[in-house]
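Colleague: below: sequence and its predicted model.
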Amino acid sequence: MRRVLLALALAATLFGCTAKRVVKAYPGPALAPDDVATVVTSSPGVFANEAHGVYIIAVDGVTVAEKAPIVEQIVGAVVRPGQHSITFGFNDGNSSSTSPATLVFEAEAGKTYELHAAETGSFGQKLLAALTTQGRWAGWLTERPTGRVVAGPGAR
């Protein structure tokens, strides 16, 4: 039975059947879009140097993912204005994060922020990482549509 479930999960991943979900990460009733901020995961182009399959694990230390990333990915979170932390990882089929990253940022009402991830290092380090399946990655958060980095490497 376990092999059947593993095969189904693998097939779902290979064929893009992973469920994607956006969560409301604050208590109480839903607020108007102009009264909240939205964090979404990036969807880089095919030739971008970014990781695909970025997913949110926790908001302000509270786990929002109910299932494993192979089954369901949290691709967005709606938060109230103020300081927040977002914990996230990535799994793009070729590589994945083995430990999550957490970014802290100041959310402004009515704004949308985008999470990004990429493997870091020189060509040689990336080659070694591909052979050993152990590498480094970095995450950052940008404001849409300006692209201004608000958390992570290069934040201003």
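Modeller: On my side now, so go ahead. Numbers count the residues shown, from 1 in each chain.

Colleague: and the next helix or strand past the worst-scoring helix or strand of the chain on mean pLDDT?
Modeller: The helix or strand of the chain with the poorest confidence is helix 2-14; it has a mean of 43 (mean pLDDT, DSSP states H and E). The C-terminal neighbour of helix 2-14 among helices and strands, as given by DSSP states H and E, is strand 19-24.

Colleague: element containing the nearest residue to Gly61 once chain neighbours are set aside, please.
Modeller: Distances taken as Cβ to Cβ, 6 or more residues apart in numbering put Ser85 closest to Gly61, at 6.5 Å, once the chain neighbours are dropped. For every residue, glycine as well, the C-beta is placed using N, CA and C. Following DSSP H and E, the helix or strand that holds Ser85 is strand 82-90.

Colleague: now the helices for the chain?
Modeller: Taking DSSP state H as the test, the helices found in the chain are 2-14, 123-132.

Colleague: pLDDT on the shortest one, on average?
Modeller: Right, helix 123-132. For helix 123-132, mean pLDDT is 58.

Colleague: can you give me the strands in this protein?
Modeller: With DSSP state E, the ranges of strands along the chain come out as 19-24, 37-41, 54-59, 62-63, 72-79, 82-90, 101-107, 112-120, 136-144, 149-151.

Colleague: now these in JSON lines, with mean neighbour count and distance to Leu31?
Modeller: Listed next are those as JSON lines, based on neighbours: other Cβ atoms under 10 Å; distance: least, Cβ to Cβ, whole Å:
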{"stretch": "strand 19-24", "mean neighbour count": "15", "distance to Leu31": "9"}
{"stretch": "strand 37-41", "mean neighbour count": "21", "distance to Leu31": "10"}
{"stretch": "strand 54-59", "mean neighbour count": "22", "distance to Leu31": "15"}
{"stretch": "strand 62-63", "mean neighbour count": "10", "distance to Leu31": "18"}
{"stretch": "strand 72-79", "mean neighbour count": "22", "distance to Leu31": "8"}
{"stretch": "strand 82-90", "mean neighbour count": "20", "distance to Leu31": "13"}
{"stretch": "strand 101-107", "mean neighbour count": "17", "distance to Leu31": "13"}
{"stretch": "strand 112-120", "mean neighbour count": "20", "distance to Leu31": "15"}
{"stretch": "strand 136-144", "mean neighbour count": "18", "distance to Leu31": "19"}
{"stretch": "strand 149-151", "mean neighbour count": "19", "distance to Leu31": "21"}
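
Colleague: I'd like those as CSV, with mean pLDDT and distance to Ala30 appended.
Modeller: Formatted as CSV, the strands of the chain follow (pLDDT from 0 to 100; distance: least, Cβ to Cβ, whole Å):
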stretch, mean pLDDT, distance to Ala30
strand 19-24, 84, 6
strand 37-41, 94, 12
strand 54-59, 90, 16
strand 62-63, 90, 18
strand 72-79, 87, 8
strand 82-90, 93, 17
strand 101-107, 95, 16
strand 112-120, 86, 16
strand 136-144, 86, 21
strand 149-151, 93, 24
